[in-house]
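K.L.:
Kindly return the folded structure for what I paste below:
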Amino acid sequence: MRTLGLALSASVFALGGQAFAQQSGGVLRIATYEPLCLDQNEGSSRNTQTALQDVYDRLIYKSQEGEYFPWLASEWSVSEDGLTYSFTIRDGVVFHDGTTLDAEAVRINLQRWVDDRSANGVPVTAVTAEGNVVTITLSEPHGPLLHDLSEPVQGIVAPSSIEAFSKEERCAGGPDITIGSGPFKVVGRTQGQDLILERFEDYNWPSGAAQHEGPAYLERIEMRFLTEDSVRVGAVESGQADIAAGIPAISVAAIEGNSNLQLIRAEQPGIPWSMWVNQSNPALADQRVREAIRIGVDYPSLVNAVFLGTSSPAYSAITPGIPAAYDAGQEGRWSFDAEAAKALLDEAGWSEIGADGIRVKDGERLSLKAVTATNWNNQQRELFAQGIQAGLQAIGIEYSREVLDFATVDARMKANEYDLVDTSQSSGDGATLLYGAFQSTSLWPANTNWGFVNDPALDEALNTAVASADPDVQNEQVRIAQKIINDGAYLIPIANPQVILGASTKVKGTVFSSSGQIGSFYDVWLEQ
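P.N.:
Numbering: from 1, shown residues only. Purely as a prediction, here's the structure:
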């Protein structure tokens, strides 16, 4: 339902026969994780996207149900051959600094995406602007392009900011630097501490999926960066925060039992929490070693013990949160078998056991180093990693894991100084996800093929998936890709996570987006 011409401080809508008064005003306090970068063209994560999605508007919006709505683009068209996408930019939109958001501003942003990120694998040959129309021309069809443009990472940044500040300055961000056209503007930024947003009073161009027009209900959003699970939970339990992100499994029952709190949860669509296996390491180039890692640890038991029902054991490169693309037939394809894992390692030539219990081949110990970013290390994953370490130790593999700031992780990846990367990825489009994570040319930093996977059959499936505009074709090829990834043990799936938030019962109007995160704070309001 849309409420037109909002002029009062509250409006009324009905849900299940009960009337609710949407109240304007109030400060929403959020205990969460720090964004990686306030210019997402330079670096992003699910937490970053959640923090910035109301600072930067996008061309179009995609709902959790997969429906597209106009936003900055009032309409769009796709040529019959799938090579030309034209977007009509709506009139009357301004950035937070008062400059106009027009077709040229959109073109500048899209061209940055092409120049700096290789358009994340989208085969863009040209981006042009004429009048109020932006046109993207492709060299070959790319079916998920509309989905890609609906993602928070494609939020439009004011060209005035791009021109005036360096990449480093925009990444650090702050007032008068982080400039979008969204319903909230940045008024405070202290790295390592907080991000403060204030309602943009001139805002009147929400997406077609929004529940009202005009400025946001909330007057202010204060995000405090608290890395410790217990501190975030304590903040919402004590009333110091209205929302706490990343609720760990051990705290779910306490929040559910607190009459002043609500648990907001959703299945995370995307790639499950997994280990990417770097095949440029000669040891990991051997499929038998990768399979030994996959069956040598009792991952399902660890999932149940650590995540306490808030995650399920993963067996595929896609989570059940994308039901149309998920291949349930992959479930149970392997099981924990330490003896079989040891036999595989013996076959691979790692049969000598050192004095410390670690396997040796040609004088080299089977020692694997994993890296992950602080922003990815949520939901008690560090505790889980201790179980992985013990399990691999038992079959003769030394495993160590470093949790580092993203800049250091990025540097390690660029230098190829890692054996394993563990994280999850969140998106509602399986074709885009798997293409970026496993297609042979989708290497870091443009994309996330951290395992250096190069499989012609997998490439064919992924190339076919992204070339088609037919969702049925895309999903069929994504299911084929999931089987190939498992056949080659290119990924070690661990757990299908849930997005779990703890919130005051005063928080109303939250919805989830197609990427499995709060879709926007624009329609959120506080019961006074």
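K.L.:
which residue lies farthest from the center of this protein?
P.N.:
Centroid-distance maximum for the chain: Ala355 at 42.5 Å, with CA atoms, centre = their mean.
K.L.:
Neighbours of Trp76, how many?
P.N.:
By other CB atoms under 10 Å, 18 other residues sit near Trp76. Yep, even glycine has a C-beta here, placed from its N, CA and C like the rest.
K.L.:
Tell me where the stretch 151-300 of the chain has strands.
P.N.:
For the stretch 151-300 of the chain, the strands defined by DSSP state E, counting those that start in this stretch cover 184-190, 194-199, 220-225, 243-244, 261-267, 270-277.
K.L.:
now Ile30, what's its secondary structure?
P.N.:
Applying DSSP: H, G, I helix; E, B strand; the rest coil to Ile30 yields a three-state assignment of strand.
K.L.:
if I look at it, how far off is Leu501?
P.N.:
Distance, Ile30 to Leu501, by CB to CB, to the nearest Å: 9 Å.
K.L.:
quick one: which of those two has more around it?
P.N.:
Just comparing Ile30 and Leu501: by other CB under 10 Å the higher neighbour count belongs to Ile30, 28 against 23.
K.L.:
in terms of contact, does that one touch Met223 like I think?
P.N.:
Yes: using CB atoms under 8 Å, Ile30 is in contact with Met223, at 4.7 Å.
K.L.:
list residues touching both of Ile30 and Leu501?
P.N.:
243-245 (CB atoms under 8 Å, 6 or more residues apart in numbering).
K.L.:
Run a quick neighbour tally on Ser312.
P.N.:
19.
K.L.:
And for Val306?
P.N.:
By other CB under 10 Å, 21 other residues sit near Val306.
K.L.:
now it, what's its secondary structure?
P.N.:
Look at Val306: counting by three-state DSSP, its state is helix.
K.L.:
sorry, back to before: which among the strands of the stretch 151-300 of the chain is found nearest to Arg365?
P.N.:
strand 270-277 (17.7 Å; CB to CB).
K.L.:
Extract the CA atoms of the closest one and return them as CSV.
P.N.:
What follows is strand 270-277, C-alpha atoms only, in CSV (Å, rounded to 0.1, in the frame of the first residue of the first chain):
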residue,chain,number,x,y,z
GLY,A,270,23.4,-16.5,-1.3
ILE,A,271,26.5,-18.7,-0.8
PRO,A,272,26.6,-20.4,2.6
TRP,A,273,29.3,-19.9,5.0
SER,A,274,32.0,-21.9,3.3
MET,A,275,35.7,-22.3,2.7
TRP,A,276,37.1,-21.3,-0.7
VAL,A,277,40.0,-23.6,-1.4
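K.L.:
Show me what that strand is packed against.
P.N.:
Applying 3 or more CB pairs under 8 Å, 6 or more residues apart in numbering; DSSP states H and E, we find strand 270-277 packed against helix 287-295, strand 420-426, helix 430-438, strand 491-496.
K.L.:
And the contacts of the helix ranked longest in the chain?
P.N.:
Ranked by residue count under DSSP state H, the longest helix found in the chain is helix 471-487. Identification of contacts with helix 471-487 by CB under 8 Å, 6+ apart yields 143-144, 315-318, 324-327, 329-330, 333, 430-431, 434, 438, 453, 455, 457-458, 461-462, 464-466, 468, 491.
K.L.:
6 Å instead?
P.N.:
Outside helix 471-487, the residues within contact range by CB atoms under 6 Å, 6 or more residues apart in numbering are 143, 316-318, 324-325, 327, 330, 333, 430-431, 434, 457-458, 461-462, 464-465, 468, 491.
K.L.:
Tell me the buried residues in it?
P.N.:
When neighbours are counted by 16 or more other CB atoms under 10 Å, the buried residues of helix 471-487 are found to be 474-486.
K.L.:
re earlier: just say helix, strand or coil for the residue farthest from the centre of the chain.
P.N.:
Assigned with three-state DSSP, Ala355 falls in the coil class.
K.L.:
State the distance from it to Arg365.
P.N.:
Distance of Ala355 to Arg365, computed by CB to CB: 11 Å.
K.L.:
Over to Leu344?
P.N.:
Going from Leu344 to Arg365 by CB to CB gives 18 Å.
K.L.:
Tell me the secondary structure at Ala457.
P.N.:
Secondary structure, three-state DSSP: Ala457 is helix.
K.L.:
Not counting sequence-adjacent ones, nearest residue to it?
P.N.:
Distances taken as CB to CB, 6 or more residues apart in numbering place Ile484 nearest to Ala457, at 5.6 Å, with adjacent residues excluded.
K.L.:
Quick check, pLDDT for the one you found.
P.N.:
Model confidence at Ile484, given as pLDDT, is 98.
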